[in-house]
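Asks: Pasting a predicted model and its sequence here:
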Amino acid sequence: MSFIKGYDPETLRELVDAGACKERLDEIGDQRSLPAMLERVWLLKVLDRLDDALVLSEQVVRHARMAGTRKDLLRARVLHATVLQYRGAYPAAIHELNRCTEEADGQDWTALSAFAHQHRGKVHYDAGSIAAARADFKRALFLRQEAGAPEEQLESLLLAIDAVDRRRSSASVAS
């Protein structure tokens, strides 16, 4: 079941069914499997329970480092960076996502690279670095197209690129 009902065209954040997210969070409870913990972090983040999401995301990174694969660890680090982003810690989120994109690119993990680039683009967007955001979104779009990603993943990137272009054009009109 998808909890995402769309994306805010201005903030690029997920629009979610909060009731369904809360139900799912209760359903998962305190399960300790890596997928359950990753899902809990995401649910806490989109429900704006950022303190809980931060604590759990740090635990998930440690858990993935000890018991997961390198890909699991990379996913956990990207998710942790998104929690930092939602908390407004843009430099820390960018730093972590720089390392994630480098590792994913270096390992030729196309899907994970696209995932990391897209999230780094969102952090740049929130931080007001429009050119960097656009470059990351374009790179993620290219990688997703190359990997044959589903249409919904491509659409979210096209929405992000459109938002960047609108923000850039409104900034140039204002100056």
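Replies: Yep, that arrived. Numbers count the residues shown, from 1 in each chain.
Asks: Run through the residues that contact the closest residue in space to L158 that isn't next to it in sequence.
Replies: Nearest non-adjacent residue to L158, counting by CB to CB, 6 or more residues apart in numbering: L141, 7.2 Å away. (Each C-beta comes from the backbone N, C-alpha and C, glycine too.) By CB atoms under 8 Å, 6 or more residues apart in numbering, the contact set of L141 is 154, 157-158, 161.
Asks: For S170, state which of the residues you listed is nearest.
Replies: Nearest to S170, judged by CB to CB, of the contacts of L141 is I161 at 15.0 Å.
Asks: For burial, what's the neighbour tally of that closest one?
Replies: With neighbours defined by other CB atoms under 10 Å, the count for I161 comes to 16.
Asks: the helices in this structure, which residues?
Replies: Along the chain, counting by DSSP state H, helices occupy 18-28, 34-46, 50-67, 70-86, 90-107, 110-127, 130-147, 151-174.
Asks: quick one on the thing from earlier: report the buried members of the contacts of L141.
Replies: With burial judged by 16 or more other CB atoms under 10 Å, the buried subset of the contacts of L141 is 157, 161.
Asks: The contacts of L141 into TSV, with extra columns for distance to R99 and pLDDT?
Replies: As requested, these are arranged in TSV below (distance: CB to CB, whole Å; pLDDT from 0 to 100):
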residue	distance to R99	pLDDT
L154	26	93
L157	22	94
L158	27	95
I161	24	97
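Asks: Do you know the pLDDT at A147?
Replies: The confidence metric pLDDT takes the value 91 at A147.
Asks: Quick check: closest non-adjacent residue to it.
Replies: T110 (4.6 Å).
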